[in-house]
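>>> My questions are about this predicted structure, shown below with the sequence.
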Amino acid sequence: MSDAICDAHVHFGPSTQWVPYINPVVTIEDVLKKMDQYNIQRTIVFPNPHIGDKYPELNDLMAEAQKKYSQRIIGFGRVDPRRGEEAVSEIKRIWDIGLFGVKLHPYVECFRPDHPFFDAFWGTIFELDLTVLIHTGTMFSSPGYLKPVLKKYPAMKIILGHLQEACISLMRDYENVYSDTSGSRVKILEYAQETCHDKIMFGSDYPYLSYRVQMEVVRAAEISESVRNKIFSGNFERLFKEK
């Protein structure tokens, strides 16, 4: 098995403590130490959840880290889409300051991705060729709400956070839709790789989840070594080969 590992799902920076059992505040130096500990070569990093008017400040911090550690970090910004024109302007600024994508969380930010209110928001992301990393789960985070968006922008690059069964059809139907493994289960990974082995990337969800546990999910799966290598690094490197 290849020693190279890339991580598609890492938080950093200050945050409101929005879950009672963990303080998610980590510095970029914390992230780099954890990457060294687990032999992570490159990773997507984005700001922690916060109130929406703090995101521009956090995006600036992310851009500074991206410039300083460009060989190891692929920086994504963060936006509260409910802010309408302000959100569209921040998407443009994310592109201007050199970040490569945007992290969205429909549950935390309480928005339904297919609502017409967000048409200009999605259109701007597509026009600027930014990659979207979006939390998937239940309620507004259901992957099904992305279908109308992808029908309008079928070439949009999207990483579905937290591989689940409902992610698989989107990966099958759209060339540029991927998923990361953070929080997923061995059997779901085994099932998904049968048809989507080129679309799955390792994700840790650090600091919310354990690096060791998330890596063991991939290692425990009954999949070929070539597919495991794709998940740990190959698919990531192909998607971000020009970054």
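Received it, and whenever you're ready, just let me know what you need.
>>> use CA for all of it now, contacts and neighbours both
Will do.
>>> Which elements pack onto the helix ranked longest in the chain?
Longest helix in the chain, counting residues (DSSP state H): helix 55-68. In terms of contacts (3 or more Cα pairs under 8 Å, 6 or more residues apart in numbering; DSSP states H and E), helix 55-68 is packed against strand 40-47, strand 73-78.
>>> how about the strands in the protein?
Under the criterion DSSP state E, the chain contains strands at 5-12, 40-47, 73-78, 101-104, 131-135, 158-161, 177-180, 200-201.
>>> mind listing what's buried in the longest helix of the chain?
Burial within helix 55-68, assessed by neighbour count using 16 or more other Cα atoms under 10 Å, is assigned to 55-56, 58-66.
>>> so residue 131 makes contact with residue 95?
No: the pair residue 131 / residue 95 is not scored as a contact, 10.6 Å apart, by Cα atoms under 8 Å.
>>> okay, and the common contacts of these two?
residue 101 (Cα atoms under 8 Å, 6 or more residues apart in numbering).
>>> one step back: residue 162 is nearest to which of the helices and strands packed on helix 55-68?
strand 40-47 (14.3 Å; Cα to Cα).
>>> got the buried residues of helix 55-68 as a markdown table, with pLDDT and distance to residue 10 columns?
Output for the buried residues of helix 55-68, formatted as a markdown table (pLDDT from 0 to 100; distance: Cα to Cα, whole Å):
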| residue | pLDDT | distance to residue 10 |
| --- | --- | --- |
| 55 | 94 | 16 |
| 56 | 95 | 18 |
| 58 | 96 | 14 |
| 59 | 97 | 14 |
| 60 | 97 | 17 |
| 61 | 96 | 15 |
| 62 | 97 | 12 |
| 63 | 97 | 15 |
| 64 | 97 | 16 |
| 65 | 96 | 13 |
| 66 | 94 | 13 |
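>>> sorry, back to before: so between residue 131 and residue 95, which is more surrounded?
residue 131 (22 against 18; other Cα atoms under 10 Å).
>>> Please name the bridge partners of residue 134.
residue 104, residue 160 (DSSP bridges).
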